[in-house]
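**Q** would you be able to build a 3D model of this:
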Amino acid sequence: EMCIRDRLVTGWGCPTLTADVLAHAPRLRAVLHAAGSVKALVSDALWARGIVVSSAADANAGPVADFTLAAIVLAAKQALPTAA
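**A** Residues are numbered from 1 along each chain as shown. Okay, here's the model as predicted:
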């Protein structure tokens, strides 16, 4: 059974979890990434230790699409130059 000391919650801008970083977290068993892609976060050392990684990419996809559409509509209406 995992406890809170076994988990790491990360987000955008988190450095890569290299072997040197992981050496400071010997109990780490799970990384909970509260953002999208984990590509820049993970390393071979992380996988070698069998650490579980989760991502919020699916949860973020809808709001990101909504914001993108809103930004396109605002740009088409020249809302930012008008507001300035």
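**Q** which ones are touching residue 33?
**A** Taking Cβ atoms under 8 Å, 6 or more residues apart in numbering as the criterion, residue 33 is in contact with 10, 11, 14, 41, 53, 54, 55, 56. Just so you know, the C-beta spots here come from the backbone N, C-alpha and C atoms, and that holds for glycine as well.
**Q** distance of it from residue 60?
**A** 10 Å (Cβ to Cβ, to the nearest Å).
**Q** residue 69 too?
**A** The spacing between residue 69 and residue 60, counted by Cβ to Cβ, is 15 Å.
**Q** next: residue 11.
**A** To residue 60, residue 11 is 11 Å away according to Cβ to Cβ.
**Q** who touches both of the two?
**A** Counting by Cβ under 8 Å, 6+ apart, the common neighbours of residue 11 and residue 60 are residue 35.
**Q** residue 55 is in contact with residue 40, isn't it?
**A** No. At 11.8 Å, residue 55 does not count as touching residue 40 under the criterion of Cβ atoms under 8 Å.
**Q** of the two, which one has the most company?
**A** The residue with more neighbours, out of residue 55 and residue 40, is residue 55; 18 against 12, by other Cβ atoms under 10 Å.
**Q** next, the contact list for the most centrally placed residue in the chain, please.
**A** With the centre of the chain defined as its mean C-alpha position, the nearest residue by Cα atoms, centre = their mean is residue 35, 2.8 Å away. Neighbour list for residue 35: 10, 11, 12, 55, 56, 57, 60 [criterion: Cβ under 8 Å, 6+ apart].
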